[in-house]
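Novice: Give me a model of this one.
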Amino acid sequence: MRRQRPVILLTGFGPFPGVPENASAELVRALGKAAPKHFPEFRVWTAILPTEWRAGPAKAGELIASIKPTIALHFGVSRQASGFTIETRGVNFALPAADAAGLPPVSEQLEPEGPEALHSTFPAELIIERLRLKSLPAELSEDAGGYLCNAVLYHSLYRARQANWPIRCGFVHLPAALSRTPAPDYTETTLDWEQAVAGGLEIIAATIDEAAPTS
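Specialist: I've put the predicted structure just below:
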């Protein structure tokens with residue numbers, strides 16, 4: 001019986017208030033085309049998540065439960081980011097802000113029974129090192145914000161923990177200014193699209209190279 005290849009899940013987000021064009025969706029589509037050529041030993045699965053309090057985290061959790069990826073890398077944008085921002089934890093908190101459907105979160109807690117914070121299980125420091133070796137701007141962050149980026153990261157880690165699934169999971173913020181139509185309030189970035197895709201591939205490579213977490 002032929003052994004199935006392990007799965008890499010890559011997700012981005014659709015638009016949301018203040019960000020009519022989300023660069024993470026375009027990057028994930030580009031990585032979905034490039035990654036299978038660089039990592040043929042893996043199956044690459046991509047998804048664009050709705051930037052909605054209910055549907056976004058739910059879809060991420062459903063994907064993790066159904067396809068059981070070895071690696072799950074979530075991408076989103078930040079108007080304050082100037083390079084790759086590698087998020088090291090998700091917190092059990094939802095900012096009372098409207099989503100793409102115009103709705104606020106149901107409560108301030110993402111998971112009533114969940115811990116205050118869950119740490120990313122991808123190799124954040126190694127990723128930073130590898131990106132900087134390629135002269136790409138990158139920094140570590142312990143605060144993924146209180147919006148959908150944090151919610152998806154926390155929910156994915158929580159679902160994987162519940163299922164006892166040994167996944168390498170993390171979140172990467174990209175500069176919102178990577179958008180084809182950046183707004184005046186976006187922080188400027190030196191990244192271009194070729195560098196963004198190269199950086200995305202390096203993030204995948206570093207995560208593959210790191211040993212899988214044991215819990």
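
Novice: what's the pLDDT at the residue nearest the centre of the chain?
Specialist: For the chain, residue 74 is the residue whose C-alpha lies nearest the centre (Cα atoms, centre = their mean; 1.7 Å). In this model, residue 74 is scored at 99, pLDDT.

Novice: in what helix or strand does it lie?
Specialist: Assigned by DSSP states H and E, residue 74 belongs to strand 71-78.

Novice: buried stuff in stretch 20-28?
Specialist: Going by neighbour count (16 or more other Cβ atoms under 10 Å), the buried part of stretch 20-28 is 21-28. All C-beta atoms are positioned from the backbone trio N, CA, C, and that covers glycine.

Novice: Tell me the one among those nearest to residue 163.
Specialist: The nearest member of the buried residues of stretch 20-28 to residue 163, counting by Cβ to Cβ, is residue 28 at 23.5 Å.

Novice: Report the contact partners of residue 13.
Specialist: Residue 13 sits next to 22, 24-25, 48-51, 56, 75-77, 148-149 when contact means Cβ atoms under 8 Å, 6 or more residues apart in numbering.

Novice: right, and out of those, which lies closest to residue 169?
Specialist: Nearest to residue 169 among those, with distances taken as Cβ to Cβ, is residue 75, at 12.5 Å.

Novice: so is the nearest residue to that closest one once chain neighbours are set aside in a helix, a strand, or just coil?
Specialist: Using Cβ to Cβ, 6 or more residues apart in numbering and skipping residues adjacent in sequence, the residue nearest residue 75 is residue 24, 4.1 Å away. Classification of residue 24 by DSSP: H, G, I helix; E, B strand; the rest coil places it in helix.

Novice: for residue 100, same thing?
Specialist: Classified using three-state DSSP, residue 100 is coil.

Novice: what ranges do the helices span in the chain?
Specialist: Along the chain, counting by DSSP state H, helices occupy 23-38, 55-67, 124-133, 148-162, 193-209.

Novice: Can you say which of the ones you listed is packed in most?
Specialist: helix 148-162 (a mean of 24; mean count of other Cβ atoms under 10 Å).

Novice: Off-centre distance for that helix?
Specialist: Its chain's average C-alpha position is 10 Å from that of helix 148-162, according to Cα atoms, centre = their mean, to the nearest Å.

Novice: relative to strand 71-78, how tilted is that helix?
Specialist: For helix 148-162 against strand 71-78, the angle by axes from the mean of the first three to the mean of the last three Cα atoms, to 10 degrees is 160 degrees.

Novice: what helices or strands is helix 148-162 leaning on?
Specialist: The helices and strands touching helix 148-162, judged by 3 or more Cβ pairs under 8 Å, 6 or more residues apart in numbering; DSSP states H and E, are strand 7-13, helix 55-67, strand 71-78, strand 84-87, strand 89-91, strand 117-119, strand 168-175.

Novice: so where's the protein uncertain?
Specialist: Across the chain, the ranges flagged by pLDDT under 70 are 1-3, 211-215.

Novice: Residue 189: which of the contacts of residue 13 is nearest?
Specialist: Among the contacts of residue 13, residue 77 lies closest to residue 189 (Cβ to Cβ), at 10.5 Å.

Novice: Much appreciated, bye for now.
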